[in-house]
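Student: Got a predicted structure plus its sequence, pasted below:
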Amino acid sequence: MPLQKKQDVVHGLTGQFCDARREQRYRWSIQERVRSEFRLAVSVAAGVFGMFAIADYYLLGLTRAFYTLLALRVVVVSLCLLVVYLVRQGSKCDDRRWLHAIPLWVFATGIILIVPLRPESLSTQITAVVVATMAFYLLIPNRLMIVTAASLYLNIGFLVAAVLFADVAPVPTLLISLLLIMGMVVGFFALLRLEILQRKQYALLHEERDQNSQLHQEIAHRKSLEEQLRVLAERDALTKLNNRGHFMNVAKQLLQSCQADRTPFSLLMIDVDHFKHINDTWGHSYGDGVLVRIAEVCANALRPSDVIGRFGGEEFVVALPSTSAAEAEHIAERLKQRVAALVFKDGVSELTPSVTIGVATKDAEASGLEALIKRADELLYEGKRAGRDRVVVGREGLSPR
Ligand SMILES: Nc1nc2c(ncn2[C@@H]2O[C@H](COP(=O)(O)OP(=O)(O)OP(=O)(O)O)[C@@H](O)[C@H]2O)c(=O)[nH]1
């Protein structure tokens, strides 16, 4: 049997989950409802028990027996209302089962004590005992064991009182016993069935909730996998910048919207100077670290609307939408200075990297992104030839300066 099913097994005689923790959780879940139903049932029962004082008056008149009975009813009703009050005052997590047992035992004692006071109305009292037993079972929710104990006390106590104070002969005693047993058995099985059904319903509800939460977890897991896949497809593994393919897609869209808005669009090609030397001197993995740091510095120096990507090797590319050549030059200078401000140390020697940047700007009419990249690349290599560590700016159709 799977674990889920095992903990949902309900005991056939107690009507409770065999798993104690499951039972505890079930009780907590219905505690508030049990408390309010209990308060209602005991209040109504106390009212009915008190109202029988009218019947006492018509049967006994203003006699000593009547006053004794009246006092008994007042005590029973007061005790029950006190318990109702205490249950109402208790905290939500308070599962005082003994408190729920008190009114049942008080009612039972009250009913038993009526026998010596009104032995002549035994037949009416037998009916009252059967009705009280059924009421115990049907009106007090989720308290099968407490109700069973109180019913046994009421029925046995009543029978003993009937034999002692109402002089019932053996055969009628047997018949009364059978009637009382029948009432108890019917009440017990009715409540047992109810308890089992309620727990099965609870277990089903939980199974459904568990399935729902599993489904939600699976959806969240899939979303995170999709996100990871997206990152893998769009990001460069080393620098975490956009990879070349993704950069091209985003830059193309930016260029199109700039063309539609008739605003300029600039592109920077950035190449780290003498990077082979860095690798050769400091090692390839140290070179990786230098690239990561330069990528970070460049990305942090840009505006949110700009897009940066790793074009390949030690070369980066930046798309600057709605940016004129002069503004792009300014941004490129800023990037160059930020990179130049970086210092790498290995304990003995120091390294200050530099970059050469080609800046190409294009106005609304001209050709596509590839042509602009090619132009920026040419400008970059002009800078390399001119000695590196510089920004070379050009405009489409114009010579670089
Ligand atoms: N550590 C590291 N090195 C890389 C990576 N990608 C490319 N390189 C190295 O970068 C170096 C680029 O060398 P070159 O193309 O000669 O350029 P350079 O040495 O920077 O010289 P200039 O660009 O002319 O200043 C090569 O040695 C590549 O192996 C990388 O991801 N990590």
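Tutor: Now that the structure is in, tell me what you want to look at.
Student: R33 and the ligand, how far apart?
Tutor: Separation of R33 from the ligand (CB to the nearest ligand atom, to the nearest Å): 66 Å. Bear in mind the C-beta positions are built from the backbone N, C-alpha and C, glycine included.
Student: residue contacts, that residue?
Tutor: By CB atoms under 8 Å, 6 or more residues apart in numbering, the contact set of R33 is P141.
Student: Surely it is in a strand?
Tutor: No: under DSSP: H, G, I helix; E, B strand; the rest coil, R33 sits outside any strand and is assigned helix.
Student: how about the residues of the stretch 151-300 of the chain that lie near the ligand?
Tutor: For the stretch 151-300 of the chain, the contact set with the ligand under CB under 6 Å from any ligand atom comprises 238, 271-277, 279, 284, 287-288, 291.
Student: Make JSON lines from the residues you listed and add secondary structure to it.
Tutor: Formatted as JSON lines, those follow (three-state DSSP):
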{"residue": "L238", "secondary structure": "coil"}
{"residue": "D271", "secondary structure": "strand"}
{"residue": "V272", "secondary structure": "strand"}
{"residue": "D273", "secondary structure": "coil"}
{"residue": "H274", "secondary structure": "coil"}
{"residue": "F275", "secondary structure": "helix"}
{"residue": "K276", "secondary structure": "helix"}
{"residue": "H277", "secondary structure": "helix"}
{"residue": "N279", "secondary structure": "helix"}
{"residue": "H284", "secondary structure": "helix"}
{"residue": "G287", "secondary structure": "helix"}
{"residue": "D288", "secondary structure": "helix"}
{"residue": "L291", "secondary structure": "helix"}
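Student: ok, so of these, who is nearest L154?
Tutor: Distance to L154, by CB to CB, is smallest for L238 among these, at 82.5 Å.
Student: Check whether A132 really touches L154, as I assumed.
Tutor: Yes: A132 is in contact with L154 according to CB atoms under 8 Å; the separation is 6.4 Å.
Student: what touches both of those two?
Tutor: The contact sets of A132 and L154 overlap at F107, A108, I111 (CB under 8 Å, 6+ apart).
Student: a helix runs through F316, doesn't it?
Tutor: No: counting by three-state DSSP, F316 falls outside a helix, being strand.
Student: With L335 as the reference, measure out to it.
Tutor: Per CB to CB, to the nearest Å, F316 is found 9 Å from L335.
Student: Close to the ligand: what parts of the stretch 301-401 of the chain are there?
Tutor: For the stretch 301-401 of the chain, the contact set with the ligand under CB under 6 Å from any ligand atom comprises G313, E314, K384, R388.
Student: ok, the second one - how many residues close by?
Tutor: Looking back up the chat, that one is E314. By other CB atoms under 10 Å, the residues close to E314 number 21.
Student: what's near enough to touch it?
Tutor: D271, V272, F275, L291.
Student: Compare these and tell me which has the most neighbours.
Tutor: Ranking these using other CB under 10 Å puts L291 first, with 23 neighbours.
Student: where does the chain dip in pLDDT?
Tutor: Where the chain drops to pLDDT under 70, the residues are 1-4, 91-95, 363-366, 395-401.
Student: Strands of that one, start to end?
Tutor: Per DSSP state E, the chain carries strands over the ranges 265-272, 307-312, 315-321, 344-345, 350-351, 355-362, 391-395.
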